[in-house]
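>>> No letters, just coordinates:
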């Protein structure tokens with residue numbers, strides 16, 4: 001299965017360790033098109049070796065190619081929101097993972113969309129269990 005993993009880059013890299021653990025687990029039985037998001041060397045400035053045009057085209061091509069988009073949506077990100085909406089327009093399966101926090105709430109544009117599968121989690125292991133159930 002081809003997976004597009006979406007996570008915040010320019011919106012903040014606070015959850016890069018979470019992304020890396022989720023991506024590494026997904027890679028066991030799947031092809032993760034966006035495995036670079038788990039690289040701790042990728043800063044909030046994004047990829048310096050590609051132009052914004054090249055990144056956009058590559059990413060929309062990957063979204064077209066993927067079987068499922070899995071988005072970690074705890075960290076607010078315009079890019080992740082765009083990727084989710086684009087995948088929805090293509091009829092892709094979308095899984096959103098959210099770690100509830102007392103000082104923030106998941107956007108109603110995500111939580112209110114019944115086409116998305118949304119799973120809250122507290123630990124990475126819990127998120128992995130949710131993913132495994134949903135991908136069966």
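Looks like it arrived, so ask away. Note that the structure is predicted; figures quoted are calculated from it, not measured.
>>> for stretch 43-58, how far is the first residue from the last?
This stretch, stretch 43-58, spans 19 Å end to end (CA to CA, to the nearest Å).
>>> Now do it: distance to the chain's middle.
Once both centres are worked out by CA atoms, centre = their mean, to the nearest Å, stretch 43-58 turns out to sit 16 Å from its chain's centre.
>>> Identify the residues contacting that stretch?
9, 10, 11, 12, 13, 36 (CB atoms under 8 Å, 6 or more residues apart in numbering). Using the backbone N, CA and C atoms, a C-beta is placed for each residue, glycine as well.
>>> quick one: the first one from residue 46, how far?
Read it as residue 9. To residue 46, residue 9 is 5 Å away according to CB to CB, to the nearest Å.
>>> More neighbours: the two, which one.
residue 9 (22 against 14; other CB atoms under 10 Å).
>>> helix/strand/coil for the more buried one?
coil (DSSP: H, G, I helix; E, B strand; the rest coil).
>>> a markdown table for the contacts of stretch 43-58, including pLDDT?
Converted to a markdown table, the contacts of stretch 43-58 look like this (pLDDT from 0 to 100):
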| residue | pLDDT |
| --- | --- |
| 9 | 88 |
| 10 | 79 |
| 11 | 78 |
| 12 | 77 |
| 13 | 83 |
| 36 | 92 |
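>>> can you put those residues in TSV and add distance to residue 79?
TSV is the format used below for the contacts of stretch 43-58 (distance: CB to CB, whole Å):
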residue	distance to residue 79
9	7
10	7
11	7
12	11
13	13
36	14
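>>> out of the residues you listed, which is most surrounded?
Highest neighbour count within these, by other CB under 10 Å: residue 9, with 22 neighbours.
>>> So that one versus residue 67, what's the distance?
Plainly put, residue 9 is 22 Å away from residue 67 if you go by CB to CB.
>>> buried sites along the longest helix belonging to the chain?
If each helix of the chain is counted by residues according to DSSP state H, the longest one is helix 52-65. By neighbour count on 16 or more other CB atoms under 10 Å, the buried set for helix 52-65 is 59, 62, 63.
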